[in-house]
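Student: Generate coordinates for the sequence data below:
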Amino acid sequence: MKENEKDVCLKIAQGLARSIEEEWSAALVVFDDLLEAGEFDCTYQQAGSLEVEKDFDIDYSIYLLFKQLRQVMDENKADAWNRARFKLYPTGQFCVDFEWDQGLADEVEASS
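Tutor: Here you go, the predicted model:
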């Protein structure tokens with residue numbers, strides 16, 4: 001069975017939750033799609049502290065899921081995007097915002 005956008009997002013959420021090794025209250029992953037590569041900025045807030053923000057690492061499987069998400073959305077004729085902001089809470093609730101950053105697109109084109 002072919003996966004849809006929600007299925008892929010759930011897998012991303014599960015992978016991110018497994019990547020954080022301590023108690024946390026929110027996580028934010030910003031993914032810049034550079035066509036043949038990707039850049040991630042991954043941070044989380046420690047549970048009980050709004051001021052403490054820490055970086056965390058993700059594995060290659062998360063990158064592949066973001067690329068799969070892009071492919072599924074392209075097939076469904078969704079709006080073009082090259083940046084995704086994935087916010088996750090320990091409850092499993094998440095929010096994903098997609099945007100087109102023309103500056104990023106110009107950088108990618110200039111370097112290819």
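Student: switch to C-alpha atoms for all contacts and neighbour counts from now on
Tutor: Will do.
Student: Mind jotting down where the strands sit in this protein?
Tutor: Shown for the chain, the strands assigned by DSSP state E span residues 24-33, 38-46, 53-55, 83-88, 94-99.
Student: nearest to Glu109, of those strands?
Tutor: strand 24-33 (12.1 Å; Cα to Cα).
Student: Now do that closest one against strand 83-88, angle only.
Tutor: Angle of strand 24-33 versus strand 83-88, following axes from the mean of the first three to the mean of the last three Cα atoms, to 10 degrees, is 160 degrees.
Student: Would you give the sheet partners of strand 24-33, along with the direction of each?
Tutor: strand 38-46 (antiparallel), strand 83-88 (antiparallel) (DSSP bridges).
Student: Mean neighbour count and mean pLDDT added to those, as TSV?
Tutor: Below are the strands paired with strand 24-33 laid out as TSV (neighbours: other Cα atoms under 10 Å; pLDDT from 0 to 100):
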stretch	mean neighbour count	mean pLDDT
strand 38-46	17	95
strand 83-88	20	98
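Student: pLDDT below threshold where in this structure?
Tutor: 1 (pLDDT under 70).
Student: Would you mind listing the residues in contact with Pro90?
Tutor: Ala17, Trp24, Ser25, Ala26 (Cα atoms under 8 Å, 6 or more residues apart in numbering).
Student: Good, wrapping up.
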